[in-house]
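Engineer: Show me the folded form of this:
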Amino acid sequence: MTATTLDRAAPAGTGTAVTGTGSLLRFMLRRDRIRLPAWALGLPLLMTYFAAALDTIAQTPEDLAGLTAFTSSPAGALFGGPGFGFDDLTIERFLAGQYGLYVLIGAGLMGLLTVVRHTRTEERTGRAELVRANVVGRHAQLTAALTLTAVMAVIVALLIGAMLASRGFDPGGSMLFGASVGAVALAFAGIAAVTVQLSEYPRAAAGMAGAALGAAFVLRGLGDMAAVQGSGPSWLSWLSPIGWSQQTAAYVHDRWWPLAVSLAFAAATAVTGYVLSARRDFGAGLVPPRPGSPRAASWLAGPFAFAFRLHRASLIGWSVALLAAGVAYGSFTQPLLDGFEDAPEDLVEVMGGGSGDLLAGYLGMMGLTMALVVGVYAVLAVQSLRAEETEGRAEPVLATSVSRTAWIGSHVAVVALGVPWLLLVAGVGMGVGAAASTGDAGLLGDLLVGHLAHTPAVWLVLAAAALLYAAAPRVLPVIWVVLGYGLIAGYFAPILELPEGVLRLSPFEHVGEYPLENISVVAVVVLTVLAGALAQAAVAAFRRRDLAGGA
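Structural biologist: Presented below is the predicted three-dimensional model:
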């Protein structure tokens, strides 16, 4: 463990609650000398890619008209937004109103992860205690973390606005959209400022903030679908920080005032974080950990059972979230079909994958969506192994008779078993919701099969993540590129006209989106074999490297 102390001490009695904020901010900037440019450039580059792709595929008014029907539908609202100005669609309106959602989600992740990284993680690893031994105020750490996040948000906002304006889009709308992205980052930074006070564990704090981001996405999706249909709880969008940014309607109404809601929310949650921080001990959380039994249960004697115990809380949380999300999205199946009753036949063909079966197309797309979400769980579970190692909890276990093979193998096996379980739960929720919405109980079986069919693809992502952790843990975050590409290929391939060979680079594009497409048994077998081979390579690589190191 390394730490840097403040090089300048204030005279006794002159310190305040934020003394040392500037020095801490400089330390954070140096520590994030790679992460900050990655975030600051990554989100604008993603928008640049979307803009370039749209310029290629939508070169005539007829091309834009072909996009309007889908984006103005309930499905378009679910995966994009409320679709302001889509009755007179332009490239910039489509870019901000449909693809902008995914940049907003990325900004939310940037905000919450940055705050957790520089507050609760620092306390958990012990570095913050060494820093606090100097003349550093109680709120300096949180203030510096929030300031750093604000700096990142401003940089991202300016770069996105400048990039869009440089393409000839309206400068005012471009800067408004950039500001809306930055506002989401600040809102979820404020949420993280609260969650880091609740739990003493970084993973739990990030998990709670991430759950809030997921809830914001779901609420926004349900509200926007209701708004497009003209009935239902459209007000749900106003409960979401993502929805506030989308309500700015860049390039259409150019409303700045919804961002005041985001800023007020960010300020309120930040103040709440400061208040809660003063009510807890350093290194502790307001929600105390449940005391364990003085004696370990007999079923915990093996490494597999111990790994299950460590992942149990995460599995329960993800199960509840996926069940609720499945029921929510499934309940909109019939309204979605009703919304397409008068849609052009070519649009129904696109949504149905060329088959014209809109219902099968929607259910297949939701199966892919849930598979990508479970892929996030798998990657986060592997990242928790890195935390177990760097925080010194893996070493005492490996000092016993537990071998390295048993340790990493048990964790990967537990997560691998959790993948089909979570897909099953999501399928049950989606099936129950869709069956209740349409009155067709047979949809439950189709959705269970369609969700479970994606298990090998998620296993391959899990095994690849395990191999990166075992061989080169510092580059483990690269695995997020696989999930990101899977999302782009799965959602936007028809619009972006990706070549078949490029599309097949995603592991989620081989099995088939049942019930829209038949399940490829060959793909299931091949993906499973590849996942097993990568898992074996991960075990072998972990045996050869030192703990808390890597290639």
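Engineer: neighbours around the closest residue to Phe265 other than its chain neighbours, how many?
Structural biologist: Excluding its sequence neighbours, the residue lying closest to Phe265 (CB to CB, 6 or more residues apart in numbering) is Ala187, at 5.4 Å. Every residue, glycine included, has its C-beta placed from N, CA and C. Number of residues near Ala187 (other CB atoms under 10 Å) recorded here: 32.
Engineer: packing partners for the strand or helix carrying Ala187?
Structural biologist: Assigned by DSSP states H and E, Ala187 falls within helix 171-198. On a contact count with 3 or more CB pairs under 8 Å, 6 or more residues apart in numbering; DSSP states H and E, helix 171-198 meets helix 100-118, helix 140-166, helix 202-229, helix 241-246, helix 257-277.
Engineer: ok, 10 Å please
Structural biologist: helix 35-57, helix 91-94, helix 100-118, helix 120-125, helix 140-166, helix 202-229, helix 241-246, helix 257-277 (3 or more CB pairs under 10 Å, 6 or more residues apart in numbering; DSSP states H and E).
Engineer: packing partners for the first one?
Structural biologist: Translated: helix 35-57. Contacts defined by 3+ CB pairs under 10 Å, 6+ apart place helix 35-57 against helix 21-31, helix 61-71, helix 91-94, helix 100-118, helix 140-166, helix 171-198, helix 480-496.
Engineer: so can I have JSON lines of the ones you listed showing distance to Ala470 and mean pLDDT?
Structural biologist: Below are the helices and strands packed on helix 35-57 laid out as JSON lines (distance: least, CB to CB, whole Å; pLDDT from 0 to 100):
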{"stretch": "helix 21-31", "distance to Ala470": "25", "mean pLDDT": "90"}
{"stretch": "helix 61-71", "distance to Ala470": "42", "mean pLDDT": "64"}
{"stretch": "helix 91-94", "distance to Ala470": "43", "mean pLDDT": "85"}
{"stretch": "helix 100-118", "distance to Ala470": "23", "mean pLDDT": "91"}
{"stretch": "helix 140-166", "distance to Ala470": "31", "mean pLDDT": "94"}
{"stretch": "helix 171-198", "distance to Ala470": "29", "mean pLDDT": "95"}
{"stretch": "helix 480-496", "distance to Ala470": "17", "mean pLDDT": "76"}
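Engineer: Out of those, which one sits most buried?
Structural biologist: helix 171-198 (a mean of 26; mean count of other CB atoms under 10 Å).
Engineer: tilt between that one and helix 202-229?
Structural biologist: Angle of helix 171-198 versus helix 202-229, following axes from the mean of the first three to the mean of the last three CA atoms, to 10 degrees, is 140 degrees.
Engineer: Dump the helices and strands packed on helix 171-198 into TSV; add distance to Leu547 as well.
Structural biologist: Listed next are the helices and strands packed on helix 171-198 as TSV, based on distance: least, CB to CB, whole Å:
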stretch	distance to Leu547
helix 35-57	24
helix 91-94	50
helix 100-118	22
helix 120-125	15
helix 140-166	28
helix 202-229	19
helix 241-246	39
helix 257-277	33
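Engineer: Would you map the helices across the stretch 251-400 of the chain?
Structural biologist: In the stretch 251-400 of the chain, helices defined by DSSP state H, counting those that start in this stretch lie at 257-277, 303-330, 333-339, 345-351, 358-390, 394-398, listed in chain order.
Engineer: ok, back up a step: what's the angle between the helix holding Ala187 and helix 257-277?
Structural biologist: Using the same axes, to 10 degrees: helix 171-198 against helix 257-277 is 20 degrees.
Engineer: quick one: contacts for His253?
Structural biologist: Applying CB atoms under 10 Å, 6 or more residues apart in numbering, we find His253 in contact with Phe84, Gly85, Gly173, Leu176, Gln247.
Engineer: let's see 6 Å
Structural biologist: By CB atoms under 6 Å, 6 or more residues apart in numbering, the contact set of His253 is empty.
Engineer: try Thr149
Structural biologist: Gly111, Thr114, Val115, Ala189.
Engineer: ok, back up a step: including distance to Val374, could the helices and strands packed on helix 35-57 go into a markdown table?
Structural biologist: Putting the helices and strands packed on helix 35-57 into a markdown table (distance: least, CB to CB, whole Å) gives the following:
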| stretch | distance to Val374 |
| --- | --- |
| helix 21-31 | 31 |
| helix 61-71 | 26 |
| helix 91-94 | 30 |
| helix 100-118 | 17 |
| helix 140-166 | 28 |
| helix 171-198 | 22 |
| helix 480-496 | 10 |
